[in-house]
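Asks: Sequence first, predicted model second:
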Amino acid sequence: MEEKREKRKENRKNTILAAARSLFFDRGFKAVTIDNIAEKAEVSKGSVYLCFESKEEIYAQILISDNIALYERIKHFSTKEETASQLLLEFARIYVDYFLNDNELFRILMTFMMQTSQMNLVEKKKDELIRSTNQNIIIISEIIQKGIDSGEFSPIGNIRQMQNAIWGMLNGIISLYIFTGNPTKRTERIHSTVRNSLNIFIAGLKA
């Protein structure tokens, strides 16, 4: 009986998250209310509050859940047999495809990155969100370190700085094209621009 109750609660929680994701994408974080989310999810407002304390928590949980899903795909990335250059290019492809397959998620991520101070998240939830984001980004550092250890890349003073530069480049290119231009050409434009830009980073790492 208890197991069925927990299953129903989990299903309700997922329904609420799916409804909220769609609303945040369509209207933006500020414009969406708990009432809107309840109506979209076809549950009562009280049901929403049984699962989440606030709109901010719902927003954060969408990002955290998807960050964890991405990490499960890439957590052993740096141990693969390919060269570090190949792994960086493959990581970039997976990262881009992840957001191309879910444009809503990318818009939500960028909103959080640019408006963190306005989100009013409790510190615990904010820390969880930052940690889940960082564990994906740090894969870049692990790949760079692998390249240095193998002699493929020259030693650099600040690997974390290079990691953040590459991550910023990926997000910048996705931001530039993901919501504009011809949809049929958008995917290849983003991937080709990312490949060309990342090859410049790789050339610098090998110099």
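Replies: Perfect, thanks for sending it.

Asks: and the host helix or strand of Val194, average pLDDT?
Replies: According to DSSP states H and E, Val194 maps onto helix 183-206. For helix 183-206, mean pLDDT rounds to 91.

Asks: Can you point out the buried residues in that helix?
Replies: Along helix 183-206, these residues count as buried under the neighbour rule (16 or more other C-beta atoms under 10 Å): Arg186, Arg189, Ile190, His191, Thr193, Val194, Ser197, Leu198, Phe201, Ile202, Leu205. Just so you know, the C-beta spots here come from the backbone N, C-alpha and C atoms, and that holds for glycine as well.

Asks: try stretch 3-19
Replies: For stretch 3-19, a neighbour-count test (16+ other C-beta under 10 Å) marks Arg12, Lys13, Thr15, Ile16, Leu17, Ala19 as buried.

Asks: where's the helix or strand harbouring the first one relative to the chain centroid, distance-wise?
Replies: Which is Arg12. Arg12 is part of helix 2-27, with elements assigned from DSSP H and E. Offset of helix 2-27 from its chain centre (C-alpha atoms, centre = their mean, to the nearest Å): 19 Å.

Asks: Could you do stretch 162-178 as well?
Replies: With C-alpha atoms, centre = their mean, you get 12 Å for stretch 162-178.

Asks: try stretch 60-75
Replies: That offset, for stretch 60-75, works out to 7 Å (C-alpha atoms, centre = their mean).

Asks: where does this protein have low pLDDT?
Replies: 1-2, 115-120, 207 (pLDDT under 70).

Asks: For the residue nearest to Lys13 when sequence neighbours are not counted, give me its contacts.
Replies: Closest residue in space to Lys13, ignoring its immediate chain neighbours: Cys51 at 4.6 Å, by C-beta to C-beta, 6 or more residues apart in numbering. Contact analysis of Cys51 by C-beta atoms under 8 Å, 6 or more residues apart in numbering lists Lys9, Arg12, Lys13, Ile16.

Asks: can you rerun that using 7 Å?
Replies: Listed by C-beta atoms under 7 Å, 6 or more residues apart in numbering, the contact set of Cys51 reads Arg12, Lys13, Ile16.

Asks: can you check Asn182 too?
Replies: Per C-beta under 7 Å, 6+ apart, neighbours of Asn182: none.

Asks: got the buried residues of stretch 3-19 as TSV, with distance to Ala31 columns?
Replies: Shown next, in TSV, are the buried residues of stretch 3-19 (distance: C-beta to C-beta, whole Å):
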residue	distance to Ala31
Arg12	24
Lys13	23
Thr15	21
Ile16	18
Leu17	18
Ala19	15
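
Asks: and of those residues, the nearest to Lys4?
Replies: Closest approach between these and Lys4, by C-beta to C-beta: Arg12, at 12.6 Å.
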